[in-house]
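Enquirer: turn this into a model:
(2 chains)
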Number of protein chains: 2
Amino acid sequence: MVRPQLGHMDPDLMPMLEETSALLRRVFQTANELAFPISGTGTAGMEACLVNTLEPGDRIVVAVSGFFAQRIAEVAARAGADVEVVEAPWGQAVDPADLARTLGRRRAKVLAATHVETSTGVLQPVQEFAAIAQEHGALLLVDAVASLGGVDLPVDQWGIDICYSGSQKCLSAPPGMAPVTANDRVRRLPRAHPVRSYYLDLTLLWQYWGHPHAYHHTVPVAFVFAIHEALRLTVEEGLPARFARHALNASALGAGLEALGLRLFAPAPLRAPSVVTVEVPVGVDEARVRERLLTDHGIEIAGGLGPLRGRIWRVGLMGHSSQDRLVLLLLTALETALASEGFRFEPGAGMAAASRVLAASSAA
Amino acid sequence: MVRPQLGHMDPDLMPMLEETSALLRRVFQTANELAFPISGTGTAGMEACLVNTLEPGDRIVVAVSGFFAQRIAEVAARAGADVEVVEAPWGQAVDPADLARTLGRRRAKVLAATHVETSTGVLQPVQEFAAIAQEHGALLLVDAVASLGGVDLPVDQWGIDICYSGSQKCLSAPPGMAPVTANDRVRRLPRAHPVRSYYLDLTLLWQYWGHPHAYHHTVPVAFVFAIHEALRLTVEEGLPARFARHALNASALGAGLEALGLRLFAPAPLRAPSVVTVEVPVGVDEARVRERLLTDHGIEIAGGLGPLRGRIWRVGLMGHSSQDRLVLLLLTALETALASEGFRFEPGAGMAAASRVLAASSAA
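Expert: Now for the predicted structure:
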């Protein structure tokens, strides 16, 4: 990002735009031509995918069991869509059978779901959702904000039609851009009206990122540099190695937290490799623990959103931050913070349990 | 921007958000509470101002004599507004009398105009537009992308209701954020429907930037650092000194270009202090000149947009780039480029004329 700025139409920038798209295709595991980062955050990516797919009155079914899926429903409603929500309790995945029933009762243009629901730490069965969308002739729209580059999501193989992410999660670039990809089913949708948003019109944006590199808006060049480098590092490490690293560190952290007597929030088969959620024990001040971690140890973890406010902590282990030494550091820091809250546990048990998981993996 | 990243909800970030708003109020010359940068480029700022002011069917009159005013009309139409365009030839300002006639014939909710129309280098009489908007009960929406911090635009004094800019123009931060401000008339507009865009909803965004600093999206923290520093430097220099610097350098460049026998495109009374436009002489390959400036001298100037493609050059003298030595450097480089195109002029005449303007000012 500290490279000298280039103009957004500078010929020297164009190869970097093309490389960024090519790298993104590899990370999205797609042959889609349209693949580039939107000049905005994950929420802008969400809105871009929705307004380019839906026209007013179009029906969308949203699988909701957390804060960010709710946001999908809200953004779609604001875009004038006819929104139906299929719910599961926060902390669960939405049941594919419920989605099939809803789509079977009345067709929808789009089925939308979060892959990793950041608000609950739940990994949803997107592959099953994809089969249901295909069976019922709906396009599948997936929120991969907290998974792209850290959790396996083979866009083409699973049949995901349109997908977005954020630059600052498992890709570990700074926040500010939102990678998107869309296949030709989405790109060839007939439209009665132009896309409601000019800034987020994927066709116009693709004319800048792809060919003929026509001016649309002044792309934040510093962020192009950043995401290009982040994608390069992602591909250099390799997706399988990256997915394994995320899975291992999340499982080591989970084991450590359980050994301290804490209860993980997401049920075992649905635990996301990128966000570990854990219940706040009775009698512990959750905000004070977070403040202590931040002030004394420089570690930022998140609290719960919406109905989970005050009830859980959320630990992001994404991209560069998914490291074994950071897992151990957090467990040590957390022991100190919990002890000062009067919470009782076996000292060192968390570290020991996490280390066992890490050691078992390196022995294997 | 190379400061260590802070989380978007980190308590340490909050004073910087508040300082950024306070600095922006000074630069917009406003007492409006709502003043912050949108997490997107100038086009996102434009779209945010339009969708937060207009509901589908609302009437807007747009003063159009260039590319960016046309874009306002397009974004408003996509937002479902009833758009009427009042035109003037590109290179002129829109006639206030035409706007008064149009608004008098049929009321409109909003009158919109560019302050400095970047595509033509014309400075429009926004103060006159404001009087007309007030007389006809319309809100005035102003595009200050190419003027904020470089050209005087007293938002409150002139009665501008809602205004946006871009980070990378006269403020000289990198591209990626769009400062906006809106007064209470705009904020208290009754709405039948929520703002169509969630990402660009000014009320939600202000709840993040202002009080209670509620989460809305992950603000690009690196850009907050950048725009905060850019605004600090702007206020440190002082707005009057800054406006004078922009005016002087543009007038020196204009004198230099005319002394080379070139014709300025914008008519004398309407010349913007931040963008100098000049006609491409017959027989000169405009793209080759730009390429030569970029390759041989590291100077990027822009070509014409839309109907002016191939007909004019546009020289941005904005913020940090509005410097006397850069004016002289460009004139020297341009002499070389024009000479190799076979264009005839008196060698050194451009430099001499520009220097005279600069010297007269420092003597005064």
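Enquirer: tell me how many other residues crowd the residue lying closest to A:Phe129 once chain neighbours are set aside.
Expert: Nearest residue to A:Phe129, sequence neighbours excluded (CB to CB, 6 or more residues apart in numbering or on different chains): A:Ala113, at 5.3 Å. For the C-beta atoms, the positions are set from N, CA and C on the backbone; glycine is no exception. When counting by other CB atoms under 10 Å in any protein chain shown, one arrives at 28 neighbours for A:Ala113.
Enquirer: could you pull up the mean pLDDT of stretch A:141-152?
Expert: The average pLDDT for stretch A:141-152 rounds to 98.
Enquirer: hmm, back to that, what secondary structure category should be reported for the residue nearest to A:Phe129?
Expert: strand (DSSP: H, G, I helix; E, B strand; the rest coil).
Enquirer: so what's it scoring on pLDDT?
Expert: 98.
Enquirer: tell me what it is bridged to.
Expert: A:Val142 (DSSP bridges).
Enquirer: that one against A:Ala130, yeah?
Expert: No. In this structure, A:Ala113 is not within contact of A:Ala130 by CB atoms under 8 Å, at 9.5 Å.
Enquirer: what do these two both touch?
Expert: A:Leu140 (CB atoms under 8 Å, 6 or more residues apart in numbering or on different chains).
Enquirer: what about the helices in the stretch 1-150 of chain A?
Expert: Listed in chain order, the helices of the stretch 1-150 of chain A (DSSP state H, counting those that start in this stretch) span A:14-28, A:42-53, A:67-78, A:96-105, A:126-135.
Enquirer: please state the offset of the third one from the chain centre?
Expert: For helix A:67-78, the distance from its own C-alpha centre to the chain's C-alpha centre is 15 Å (CA atoms, centre = their mean, to the nearest Å).
Enquirer: same question for that helix, mean pLDDT?
Expert: Mean predicted lDDT for helix A:67-78 stands at 98.
Enquirer: packing partners for that helix?
Expert: Applying 3 or more CB pairs under 8 Å, 6 or more residues apart in numbering or on different chains; DSSP states H and E, one finds that helix A:67-78 makes contact with helix A:42-53, strand A:59-64, strand A:82-87, strand A:110-114, strand A:116-117, strand A:139-143.
Enquirer: tell me who's in contact with A:Phe36.
Expert: A:Phe36 neighbours (CB under 8 Å, 6+ apart): A:17, A:20-21, A:24, A:179-180, A:205-206, A:209-210.
Enquirer: and what of A:Pro37?
Expert: So A:Pro37 contacts A:20, A:24, A:167, A:177-180, A:223-224, A:227 (CB under 8 Å, 6+ apart).
Enquirer: can you give me the strands for the stretch 251-364 of chain A?
Expert: A:275-279, A:302-303, A:312-316 (DSSP state E, counting those that start in this stretch).
Enquirer: just to check, A:Val315 is in contact with A:Ala333?
Expert: No. The pair A:Val315 / A:Ala333 is not scored as a contact, 11.3 Å apart, by CB under 8 Å.
Enquirer: the inter-axis angle of the helix ranked longest in chain A versus helix A:14-28?
Expert: For chain A, the helix with the greatest residue count under DSSP state H is helix A:239-259. Angle, helix A:239-259 to helix A:14-28, by axes from the mean of the first three to the mean of the last three CA atoms, to 10 degrees: 60 degrees.
Enquirer: which neighbouring elements make contact with helix A:239-259?
Expert: Helix A:239-259 packs on strand A:275-279, helix A:324-340, helix A:349-363, going by 3+ CB pairs under 8 Å, 6+ apart.
Enquirer: pull out the buried positions in it.
Expert: Of the residues in helix A:239-259, A:239, A:242-243, A:245-259 count as buried by neighbour count, 16 or more other CB atoms under 10 Å in any protein chain shown.
Enquirer: could you give the angle of it to helix A:349-363?
Expert: Using the same axes, to 10 degrees: helix A:239-259 against helix A:349-363 is 150 degrees.
Enquirer: from the stretch 201-350 of chain A, which residue is nearest to chain B?
Expert: A:Pro220 (3.3 Å; CB to the nearest CB).
Enquirer: what about that residue, neighbour count?
Expert: 30.
Enquirer: that one and B:Val62: what is the separation?
Expert: 27 Å (CB to CB, to the nearest Å).
Enquirer: quick check: A:Ala100 touching A:Ala133?
Expert: No. At 9.7 Å, A:Ala100 does not count as touching A:Ala133 under the criterion of CB under 8 Å.
Enquirer: same drill for those two, tell me which one is more crowded.
Expert: A:Ala133 (27 against 18).
Enquirer: my understanding was that that one contacts A:Lys109; is that so?
Expert: No. Assessed by CB under 8 Å, A:Ala133 is found out of contact with A:Lys109, at 10.5 Å.
Enquirer: joint contacts of those two?
Expert: Shared contacts of A:Ala133 and A:Lys109, counting by CB under 8 Å, 6+ apart, come down to A:Leu139.
Enquirer: dump the residue contacts of the residue nearest to A:Val219 when sequence neighbours are not counted.
Expert: Leaving aside its chain neighbours, A:Val219 sits nearest to A:His8 (4.8 Å; criterion: CB to CB, 6+ apart). A:His8 makes contact with A:215, A:217-219, A:221, B:175, according to CB under 8 Å, 6+ apart.
Enquirer: likewise for A:Trp206?
Expert: A:33-34, A:36.
Enquirer: equivalent analysis for A:Pro174, please.
Expert: Applying CB under 8 Å, 6+ apart, the residues contacting A:Pro174 are A:1, A:167-168, A:223, A:226, B:5, B:220-222.
Enquirer: same check on A:Arg245?
Expert: A:237, A:322.
Enquirer: how much space between it and A:Leu239?
Expert: From A:Arg245 to A:Leu239 the distance is 11 Å (CB to CB).
Enquirer: can you put the strands of the stretch 251-364 of chain A in JSON lines and add distance to B:Glu286?
Expert: Formatted as JSON lines, those follow (distance: least, CB to CB, whole Å):
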{"stretch": "strand A:275-279", "distance to B:Glu286": "53"}
{"stretch": "strand A:302-303", "distance to B:Glu286": "53"}
{"stretch": "strand A:312-316", "distance to B:Glu286": "51"}
